[in-house]
Structure formats: C-alpha cells, structure tokens
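Asker: Below: sequence and its predicted model.
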Amino acid sequence: MQNKCKTGSGLLSQELKLLFELLKTDQIEDINLNQHTWFIGIDWDHFLELAQHHRVYPLIYFKLKMLEEELVPSKVLQTLYDEYKKNTFKMLHFSKEMEEITKEFTKNGIRILFLKGPILAYELYGDISLRTSKDLDILIPRVDLVKAENILLNLGYVEEENKNIFNENSRRKHHVEYFHPQKRIQIEIHWRLHNPPLKEPTFEDLWERKRNTSLLKYPVYFLGEEDLFLHLIVHGARHGWFRLRWLKDIDQVLKKGVNFKKIDTLLKKYKYHDAVGQAFILTSQILNTSLAEEFRILTLRNRSKKMAKKSVLYISTFKKFKPDIRYLFMLTPNRQKVAYAILLLYPRSWDADTLMLPKFFHFLYFPLRPFLWAWRRMRKALSR
C-alpha cells in the first residue's frame, strides 16, 4: 500500500492536475480515453504558465501534439512547439560547449564531471530535446578552482556577482557561477555536490564510479548511476521539489531500474534516508511511480512524510521555493544538525547590506545577526 500524504485535491488547480496526468502516462490512448474529465474547463494560459514554471514543456508538447486536434487549442500547441524548438537549439549549443570545456580542462590537467545538462537529458529520456537546463553544472577537485577560473576567463566567461565578505564560499557555498556574454551560457563550477554540512562522496570516489556519455565523440564524463540518483534526490529535496521536472527525473531513473544494494550502501554512509523517502512519496503519489518493496519502506519515515507534505504545498502554490531554515533543518540528518546550527550563526553578505560596519568591527555581526534578521523580516512585512 502506498503512503498517503493527505494533501487534499483542493490545493490543486485543474490545470496542475492535467499536468500531473500528462506526466504520469506514456500511453497516448490513456490520454484520449480520459479527455472528457482531464480537459474540461482548462485555462490554457495558466496551463502554459505551469508547464513553463515546472520546466516540463518539452515533454508536454511531445504528448499533446499526438492527441486529437480538437482537444488542445492550436495556439497552445504552437506556443509549446516554439519553446520546445528553442530548448532543442539551446541543448545542442550546450552539448558543443560541454565538449570544448572538457577539452580545455583536460589539456590543463583538470578532471571534470558534468552533473546535469544535455548528458542528463540523454541519459534519462534518450533525447536531449526532452529536458530543459538553465546552465551547465561541472564538478572538479577543489584544488583546481583557481586554475579552472583562469581557463574560463581566458575563454571569455566572467564571474557572476559573488559577495564573499565573510568567507562564505568556504563555509556555506558549493559552487561559483560564470557567464559568457556572447554565447549566453552560464556555467556553475562545483567543488561539492551540495552545501555544507551534508556529507557526500569525495571527488575521488565519484571519479572512480564515473561514466562516459555516448552523446558526444570526445570523452565527456558524468556521475555513476547510484551517485547521480542520490544527487538528483538531494538537490530536489533542498529546493523543496517546487519544479515537477526534478520529480520526473526520479520517475525516469526508477523506470530504468536502480540497484537497491548499492543505493542502500550509500544511504547508510551518507544518511540521505529522509530525502529519499520524501522523493519516493512524491513520485509515487504525483506520478504513480511504481516502487520496489525495499524502497517503499523508506516512505514510512515520519520526517519523509512531513517533508513531502511541505513540498506538495510548494508545488501547488506556483512559486519559486526558497528553502526556509525549518525545512532545511528537517532535511539535515541528525548527526549533522549541530554543524548546521553553528553555520547559521555565521554572518552573511546580506547582514553587511543591512548594516555596514568597518572590517575591524566585523566580529560584532555574530551577536547582531538575530537582530539584523528580525529587522529585515519587519522591513519586508511593512513593504507589502
């Protein structure tokens, strides 16, 4: 029996329900059979907004274009096609850049692993046009960060605004962003998969389990099966799963099949049980993903259930989710909560934006941080 979140269908608009149904099924016959219940009273403008917000419009277009003509307005199909075509060109552009970046990094002795982008689309969907990607995410050893930055600067990339007043990059962050003004490509250079203090495999472990994609002729590497699966889950969990694209990725991985014993070994080592349970609850309920008995057990965890309920709210409110402290604290494994609580005490760049102090008095940001946080909250509430 599947775990129930008790989310209530009242939270979901008719347009969001239709999006769920289209993502659930790969059978066009099922969609045609249910046309009288799924497609009645749809606000197609809002439906298009949802497809864009959740970054699933390529998959939605691929399914809707095969339906009976009278079901979907031609204007809607044309809009989806235009976005689908733009995404296809973007992913082809990304694929070429992946190869060029890999060649430059390899030539300079830097090992590189791609985390998402066209590789993920090709791996999960068999077609780079069926998944969207905002940027290229690259993981390298931390010792190579300065060398990597110099290579990107020489290639015409510029570093995005990166305030690091209190050495935040080393304590809180796990990547730096770069942008190419002419190519209009954003690259994130990661030295960790996730923000501290979450435990994760070392680069050497990930490199040992890496795979070479058949998408490109030049050797381009990405994460091994189990590492990729858990990375996608933890990434989605940290963002509250507010985009359905991330859940669909998990659905695709599970359909392809995963090795439970290998996953279980990594779970015991890195303590991602609650995040994995949350992902399984959401995919099984929203996308009807079939779960093996070993995986279904994880959906019974109380914390996984609580996090899943929060995520359904984030999904249904049609907003970009910004993780709040309570949610992230719930996501953090028990053994890492103390480290996370200590991190919260460290000042952030926006504390300096709220109250600028001379460098000599920066130590005062520690006791002042709760008051600065309260002041920002009050100012935001008054501005509404």
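Answerer: The structure has been received and is ready for your questions.

Asker: mind listing what's buried in the host helix or strand of Gln186?
Answerer: Secondary structure assigned from DSSP states H and E places Gln186 in strand 185-190. Neighbour-count burial for strand 185-190 flags 185-190 (criterion: 16 or more other Cβ atoms under 10 Å). For every residue, glycine as well, the C-beta is placed using N, CA and C.

Asker: Contacts for stretch 240-253, please.
Answerer: Residues external to stretch 240-253 that are found in contact with it (Cβ atoms under 8 Å, 6 or more residues apart in numbering): 19-20, 23, 53-56, 59, 120, 124-125, 131-132, 228-229, 232-233, 235-236, 239, 278-279, 282-283, 286-287, 289, 310-311, 314-315, 319-321, 323, 327.

Asker: continuing past the helix or strand of the chain with the lowest mean pLDDT, what's the next helix or strand?
Answerer: Averaged element by element with mean pLDDT, DSSP states H and E, the chain has its least confident helix or strand at helix 168-171 (a mean of 54). The C-terminal neighbour of helix 168-171 among helices and strands, as given by DSSP H and E, is strand 175-180.

Asker: angle of that following strand against strand 185-190?
Answerer: 160 degrees (axes from the mean of the first three to the mean of the last three Cα atoms, to 10 degrees).

Asker: who touches strand 175-180?
Answerer: For strand 175-180, the external contacting residues (Cβ under 8 Å, 6+ apart) are 135, 137, 145, 149, 152, 155-160, 162, 169, 185-192.

Asker: Alpha carbons of that strand, as CSV, please.
Answerer: Once side chains and other backbone atoms are set aside, the C-alpha atoms of strand 175-180 remain, and they are given as CSV (Å, rounded to 0.1, in the frame of the first residue of the first chain):
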residue,chain,number,x,y,z
HIS,A,175,29.7,26.4,-6.4
VAL,A,176,30.6,29.6,-8.3
GLU,A,177,28.8,30.9,-11.3
TYR,A,178,30.3,32.2,-14.6
PHE,A,179,28.6,33.7,-17.6
HIS,A,180,29.7,34.0,-21.3
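
Asker: what are the phi and psi angles of Tyr84?
Answerer: Reported as degrees, to the nearest 10, the phi and psi values for Tyr84 are phi -60, psi -40.

Asker: for it, what are its contacts?
Answerer: Here Tyr84 is in contact with 57-58, 61-62, 129 (Cβ under 8 Å, 6+ apart).

Asker: Leu60 and Arg369, how far apart?
Answerer: Wrong residue type there; residue 60 is Ile, not Leu. Distance check for Ile60 against Arg369: by Cβ to Cβ, to the nearest Å, it reads 44 Å.

Asker: what's the answer for Lys248, then?
Answerer: Counting by Cβ to Cβ, the gap between Lys248 and Arg369 amounts to 39 Å.

Asker: cool, and Lys96?
Answerer: With distances taken as Cβ to Cβ, Lys96 is found 45 Å from Arg369.

Asker: Tell me which of these two has more neighbours.
Answerer: Arg369 (17 against 13; other Cβ atoms under 10 Å).

Asker: doesn't the more buried one fall inside a helix?
Answerer: Yes. Secondary structure of Arg369, determined by DSSP: H, G, I helix; E, B strand; the rest coil: located in a helix.

Asker: Might one say that it is in contact with Thr354?
Answerer: No. Using Cβ atoms under 8 Å, Arg369 is not in contact with Thr354; the gap is 9.8 Å.

Asker: Now Leu120. Nearest residue, chain neighbours left out?
Answerer: Nearest in space to Leu120, with sequence neighbours left out and distances taken as Cβ to Cβ, 6 or more residues apart in numbering, is Arg131 at 6.5 Å.

Asker: To clarify, my last question referred to Asp135.
Answerer: Computed as Cβ to Cβ, 6+ apart, the closest residue to Asp135 that is not its neighbour in sequence is Gln186, at 3.8 Å.

Asker: so what's the one you found up against?
Answerer: For Gln186, counting by Cβ under 8 Å, 6+ apart, the contacting residues are 134-136, 160, 177-180.

Asker: ok, those residues vs Leu298, which is closest?
Answerer: Taking Cβ to Cβ as the measure, Leu298 sits nearest to Lys134 out of the contacts of Gln186, at 29.3 Å.
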